[in-house]
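> missing the sequence, but the structure's below:
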């Protein structure tokens, strides 16, 4: 049975679900930053997923990246799976701008700024309108 790693549960907010993955918002209002976690028990590496789940996870990740880039007019999308602190398989999708706080360096290891209640509501509204309103979505999307 799938369960979300406690650190991911603590550091993120539920956004919605894809057929395979749960989508979560990182609690750092400095960057639009979503995390995609396949709901597959004990998966720590992409190659541990079945070929069908690998393909589905990459479809979900690619679609999410393209939509975040469009919604937030990204200069660059950073998509990464590190797993040094949380071994559960998850991909970070971070919208980057050439004038953001850490550009051109990675966002890892910098002090985060938690969402305020108001900023979190605005971000969830932006994501809901931007992600849910897409007719070309190749799969069902359930928004929280």
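Nice, thanks for sending it over. The structure displayed is predicted, hence computed values, not measured ones.
> residues of stretch 75-89 that come out buried?
77, 78, 86, 88, 89 (16 or more other Cβ atoms under 10 Å). Bear in mind the C-beta positions are built from the backbone N, C-alpha and C, glycine included.
> which residues touch the last one?
Counting by Cβ atoms under 8 Å, 6 or more residues apart in numbering, residue 89 touches 37, 38, 40, 43, 44, 45, 46, 48, 49, 81, 83.
> how many neighbours does the closest residue in space to it that isn't next to it in sequence have?
Setting aside the residues directly before and after it, residue 89 is nearest to residue 43 in space (Cβ to Cβ, 6 or more residues apart in numbering), at 4.3 Å. A count of neighbours around residue 43, defined by other Cβ atoms under 10 Å, yields 20.
> residue 43 reaches residue 50, doesn't it?
No. Using Cβ atoms under 8 Å, residue 43 makes no contact with residue 50, being 10.0 Å away.
> quick check on the contacts of residue 89: which are buried?
Members of the contacts of residue 89 classed as buried by 16+ other Cβ under 10 Å are 37, 38, 40, 43, 49.
> tell me which element the fourth one falls in.
Assignment of secondary structure by DSSP states H and E places residue 43 within no helix or strand.
> how about the contacts made by it?
49, 88, 89.
> residues near the closest residue to residue 26 other than its chain neighbours, how many?
For residue 26, ignoring the flanking residues on the chain, the nearest one in space by Cβ to Cβ, 6+ apart is residue 33 at 3.9 Å. Per other Cβ under 10 Å, the neighbour tally for residue 33 reads 21.
> ok, now how distant is residue 33 from residue 117?
18 Å (Cβ to Cβ, to the nearest Å).
> hey, where'd the strands end up in this protein?
Assigned strands in the chain, in chain order: 12-17, 21-26, 33-38, 76-80, 91-96, 142-143 (criterion: DSSP state E).
> make CSV from these and add mean pLDDT to it.
Below are these laid out as CSV (pLDDT from 0 to 100):
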stretch, mean pLDDT
strand 12-17, 95
strand 21-26, 97
strand 33-38, 98
strand 76-80, 98
strand 91-96, 98
strand 142-143, 54
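> so residue 98 touches residue 74, yeah?
No. Using Cβ under 8 Å, residue 98 is not in contact with residue 74, being 10.2 Å away.
> tell me which of the two has more neighbours.
Ranked by neighbour count (other Cβ under 10 Å), residue 98 and residue 74 place residue 74 first, with 18 against 8.
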